[in-house]
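K.L.:
Curious how this folds, go ahead:
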Amino acid sequence: RSAAVTGVLSSLNSTAAPVLKYAKVRRPAAQAASIATSSSSRGLGSLMSCTCSFVRAAAYLIRPAAQGLIIPHAWCLTSAVGHVRYTQAMRIAIATGIFHPEQGGPATYLYHLCNALAARGHTLEVLCFGETGHDIAYPYRVVRISRRQPIPLRLLRYTLALLPMLRRCEVAYVNDYGLPAAVLTLAIRRPMVLKVVGDFAWEKAITYGYISPDLNIDEFQSGQHGWRVRLLTAIPRFYCLRADAIITPSHYFKGIIAGWGVPPEKIQVIYNAVDLSRFTGLGDRDQARRRLGLDQSPLLLTVARLVP
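P.N.:
So this is what the prediction gives:
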């Protein structure tokens, strides 16, 4: 999990840096925070599902400096043996469709990511849809837009709430709800890092009955579709092309996004993390099978969101 956070931070920092070169406002030195991440494997074994994610994240973190990117003010990334150091905290606007305490992958992912970013000294503001969670105290500001209104109205309210957040923050981190953020960041010239975990057009086309539910995501990419589906496909292509950097959880989906015309070098693969410390003391496989009343026949496990 630490590696995943480091990878996200690298994308946010390297994306915001060129824009901050022209910022008129400089925060006083008293607000600067020194945030270091160790590349040592100590303590990461229980938090990472795969060590290669940390290697890729560290390489991506150092890469801007290696390419000679000049990052002015206190935002430069300085590399040394064994560690990379962020020299100033960022103000980050988080735009998403759902957030804690709602159930779902994006809500869970962002909840842990935001807590980790706040613990490292960054200032966050989160915008989401939702009816619950107003009584929860977070170490950052969370604004919720009610879903109990027509879609055009709540989309307008979401956009109007996002605008002042983006003005206050230096970079936007958008979790798969990219259209409002893409339009606003383009208008006010804020850098945007986008995480994409699915094909919005394919999912909506199936939901609305525009295509057969048996058409898989790969067939959808190359198929010939009507004007309504083509309009849907234009939306994620627009905000992916607009994004300054894109994060995906797999090389498979990086290939799909690259097929939309997005330059592959703009897409960074950062695997979803798992906190293995939550699963200690479970015993071996045979003990787990006995507790669940399972025999020794082959067992296939699928971890996914099963929807019609």
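K.L.:
how about the helices in the stretch 201-308 of the chain?
P.N.:
Remark: helices assigned in the stretch 201-308 of the chain by DSSP state H, counting those that start in this stretch are 217-222, 227-242, 251-258, 285-291.
K.L.:
out of these, which comes closest to Val193?
P.N.:
Each of the helices of the stretch 201-308 of the chain has some distance to Val193 by Cβ to Cβ; the shortest is helix 227-242, at 11.5 Å. The way it works is simple: take the backbone N, C-alpha and C, and place the C-beta from them, glycine included.
K.L.:
Now do the closest one: which elements does it pack against?
P.N.:
Other elements packing on helix 227-242 under the criterion 3 or more Cβ pairs under 8 Å, 6 or more residues apart in numbering; DSSP states H and E are helix 178-188, strand 192-195, helix 200-207.
K.L.:
repeat that for 10 Å
P.N.:
The helices and strands touching helix 227-242, judged by 3 or more Cβ pairs under 10 Å, 6 or more residues apart in numbering; DSSP states H and E, are helix 178-188, strand 192-195, helix 200-207, helix 217-222, helix 251-258.
K.L.:
Pull the distance from the last one to the chain's centre.
P.N.:
Pointing back at helix 251-258 there. Centroid displacement of helix 251-258 relative to its chain, using Cα atoms, centre = their mean, to the nearest Å, is 15 Å.
K.L.:
And that helix, what's buried?
P.N.:
Phe253, Lys254, Ile256, Ile257, Ala258 (16 or more other Cβ atoms under 10 Å).
K.L.:
which residues make contact with that helix from outside it?
P.N.:
Contact with helix 251-258 is made by 194, 196-199, 202, 217-218, 220-221, 236-237, 240-241, 243, 246-248, 250, 262-269, 271, as judged by Cβ atoms under 10 Å, 6 or more residues apart in numbering.
K.L.:
What angle do helix 200-207 and that helix make with each other?
P.N.:
90 degrees (axes from the mean of the first three to the mean of the last three Cα atoms, to 10 degrees).
K.L.:
Met192 is in contact with Ala245, correct?
P.N.:
Yes. With contact defined as Cβ atoms under 10 Å, Ala245 counts as touching Met192 (8.0 Å).
K.L.:
Pick out whichever of these two has more residues nearby.
P.N.:
Met192 (26 against 23; other Cβ atoms under 10 Å).
K.L.:
so how far is Thr280 from that one?
P.N.:
Taking Cβ to Cβ, to the nearest Å as the measure, Met192 falls 38 Å from Thr280.
K.L.:
repeat for Val143
P.N.:
37 Å.
K.L.:
again with Cys240
P.N.:
Distance, Cys240 to Thr280, using Cβ to Cβ: 39 Å.
K.L.:
more neighbours, these two?
P.N.:
Set Cys240 next to Thr280 and count neighbours by other Cβ under 10 Å: Cys240 wins out with 21 against 7.
K.L.:
I'd like the distance between that one and Val262.
P.N.:
For Cys240, the distance to Val262 equals 5 Å [Cβ to Cβ].
K.L.:
Leu306 too?
P.N.:
Separation of Leu306 from Val262 (Cβ to Cβ) stands at 29 Å.
K.L.:
Could you check which of those two has the larger neighbour count?
P.N.:
The neighbour count for Leu306 versus Val262, taken as other Cβ under 10 Å, is higher for Val262 (21 against 5).
K.L.:
Could you tell me the model confidence score at the more buried one?
P.N.:
You'll see Val262 listed with a pLDDT of 95.
K.L.:
Could you do Ala30 as well?
P.N.:
At Ala30, pLDDT is 36.
K.L.:
Any regions of the stretch 51-200 of the chain where pLDDT drops low?
P.N.:
51-87 (pLDDT under 70).
K.L.:
Give the buried subset of the contacts of helix 251-258 as a ChimeraX selection command.
P.N.:
In ChimeraX, a selection of the buried entries from the contacts of helix 251-258 looks like this (16+ other Cβ under 10 Å):
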select :194,196,198,199,202,220,236,237,240,243,246,247,248,262,266,267,268,269,271
